[in-house]
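> The sequence and its predicted three-dimensional model are supplied below.
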Amino acid sequence: MSRQELFRRMRKSNFFIIGAFLVILIIVISLLSPFIAPHDPVKSDLAMRLQPPDWFSAGWSGHILGTDPLGQDLLSRLMVGSRVSLQISFTVVIVTAIIGTILGIVAGYFGKTVDTVIMRISDIQVSIPPMVLAVAVMAVLGNSTTNLILVLVFTRWVQYARIVRGNVMAIRNTEFIHASQALGSSKIRMMFTQILPNVLTSLIIVMSQEFGRTILTESSLSFLGLGVPPPAPSWGVMIADGREYLATSPWVVIAPGVALMIAVLAFNFLGDGVRDVLDPKNKN
C-alpha cells in the first residue's frame, strides 16, 4: 500500500480520526499529569472529604470534579490514574505481542511436533476463562503492579500466537520462501526477515484492538482489589472505593467511570480504524 493510499484511508475512516484524537489526548494528559495535576493525588484531607464538584468556580486550584471519601482530589487522581493504566496497558500489549508472535512464527513455520505442543498449550489456556484465571493467579501471587502485568501477559498471548501461526502457515510454502531456502537462508533469518514482515499487518490490528481490553481488564482486577495496590491511583480502585457513596455522592463513581469508558472507547475506535485502514480487502 502506498503512503498516499494509507493517508487517504486514514482521512476517510471516522473511527480512526476520532480514536486517534482521543488516544493522543489521553496520552498527552497522562504524560503531563505529574506537572498539571492541581493537587497531590495521594494526599488525604478528611476535612474536605466528599466535596461536590466546583466546576472551575474556584479556578484550577479548586476541586473541579470533587473529592473522594478520603478528601483526595478526583481530577488529580484521574490524571495520574490514566498514566498508571496506560503504562500497564502498553507494557502488557508489547510483551504479549512479542511472546505470541515468536511462538506463532515457530509453530507455523516448523509445524508437526512443535506446532502441536504450542497449540495444545494454547488450547488448554483458552479453555479457562481469562478473568477467572487472572483472579486465581492474582489471589495466589498477591496484588502488585508487577504481578498484574505478569498475569495479563500470561492470559493474553494466545490470540497473538494463533493469528500469527495462521498467517505463517498460509505463506510458508509460497515461492519467495522456497527461493530464500534455495539461496541458503537460515531458518531463523527467513522467519524474521521474510515471514515476519508479512504478518505485521494482522499483528498491528490485533495490538491496536487489545489496548482497550487490557485497560478494562486491569480496571476490573483493581476493582476487585487484585490489581494496582493503594495508594497508587487506579480507575478501578476509585470506582470500588466510591460505590458505597453512589446514592449520596455519585460523582465519586461517575468521574472514574466516565474516564474509563472514554479511554476504552477511544482505543476501540482506534483499533477499528486501524483495521479499516490496513485491511487489504477494504477498497473504500
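Structure received. Here the structure is a predicted model, which is why all the values come from computation and not from measurement. Residues are numbered from 1 along each chain as shown.
> all contacts plus neighbour counts: C-alpha atoms, from now on.
Noted.
> Now Ser234: closest residue in space that isn't a chain neighbour?
Excluding its sequence neighbours, the residue lying closest to Ser234 (C-alpha to C-alpha, 6 or more residues apart in numbering) is Gly81, at 4.7 Å.
> Just name whatever secondary elements whichever strand or helix holds the one you found is in contact with.
Per DSSP states H and E, Gly81 falls inside helix 74-110. Secondary-structure packing of helix 74-110 (3 or more C-alpha pairs under 8 Å, 6 or more residues apart in numbering; DSSP states H and E): helix 14-36, helix 112-126, helix 145-156, helix 158-171, helix 196-223, helix 235-242, helix 251-278.
> hang on, the residue nearest to Ser234 packs against Pro233?
Yes: applying C-alpha atoms under 8 Å, one finds Gly81 in contact with Pro233, separated by 4.9 Å.
> Gly104 is in contact with Met191, correct?
No: counting by C-alpha under 8 Å, Met191 stays clear of Gly104, with 10.6 Å between them.
> These two - which one has more neighbours?
Between Met191 and Gly104, Gly104 has the larger neighbour count (other C-alpha atoms under 10 Å), namely 27 against 20.
> Next one: that one from Leu203, what distance?
Applying C-alpha to C-alpha, to the nearest Å, the value for Gly104 to Leu203 is 11 Å.
> can you check Ser44 too?
Relative to Leu203, Ser44 is positioned 44 Å away (C-alpha to C-alpha).
> More neighbours: those two, which one.
Set side by side, Ser44 and Leu203 show more neighbours around Leu203, with 21 against 16, by other C-alpha under 10 Å.
> pretty sure the more buried one is touching Arg162, no?
No: applying C-alpha under 8 Å as the test, Leu203 and Arg162 come out as separate, 10.8 Å apart.
> thinking again about what came up before, will you turn the helices and strands packed on helix 74-110 into TSV that also has distance to Gly71?
Formatted as TSV, those follow (distance: least, C-alpha to C-alpha, whole Å):
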stretch	distance to Gly71
helix 14-36	19
helix 112-126	43
helix 145-156	24
helix 158-171	42
helix 196-223	19
helix 235-242	12
helix 251-278	11
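> most packed of those?
Highest mean neighbour count of these: helix 235-242, a mean of 23 (counted as mean count of other C-alpha atoms under 10 Å).
> which residues touch it?
68-69, 78, 81-82, 218-225, 228, 230, 250, 252-253, 256-257, 259-260 (C-alpha atoms under 8 Å, 6 or more residues apart in numbering).
> can you give me the angle the helix or strand of the chain with the lowest mean pLDDT makes with helix 158-171?
Counting by mean pLDDT, DSSP states H and E, the chain has its least confident helix or strand at helix 175-182, which shows a mean of 73. Inter-element angle recorded for helix 175-182 and helix 158-171: 80 degrees (by axes from the mean of the first three to the mean of the last three C-alpha atoms, to 10 degrees).
> Any buried residues in helix 175-182, and which?
Going by neighbour count (16 or more other C-alpha atoms under 10 Å), the buried part of helix 175-182 is Ile177.
> in the stretch 101-250 of the chain, what spans have low per-residue confidence?
Scanning the stretch 101-250 of the chain for pLDDT under 70 picks out the ranges 181.
> let's see it at 50
Across the stretch 101-250 of the chain, nothing is flagged by pLDDT under 50.
> Of all the helices and strands packed on helix 74-110, which one is nearest Val92?
helix 145-156 (5.6 Å; C-alpha to C-alpha).
> Of all residues in this protein, which one is nearest the centre?
Geometric centre of the chain, nearest residue: Phe211, 2.4 Å, by C-alpha atoms, centre = their mean.
> Next one: that residue from Ala97, what distance?
For Phe211, the distance to Ala97 - C-alpha to C-alpha - is 11 Å.
> out of everything not next to it in sequence, what's closest to Pro138?
Not quite, residue 138 is Met, not Pro. Nearest non-adjacent residue to Met138 (C-alpha to C-alpha, 6+ apart): Leu226, at 6.0 Å.
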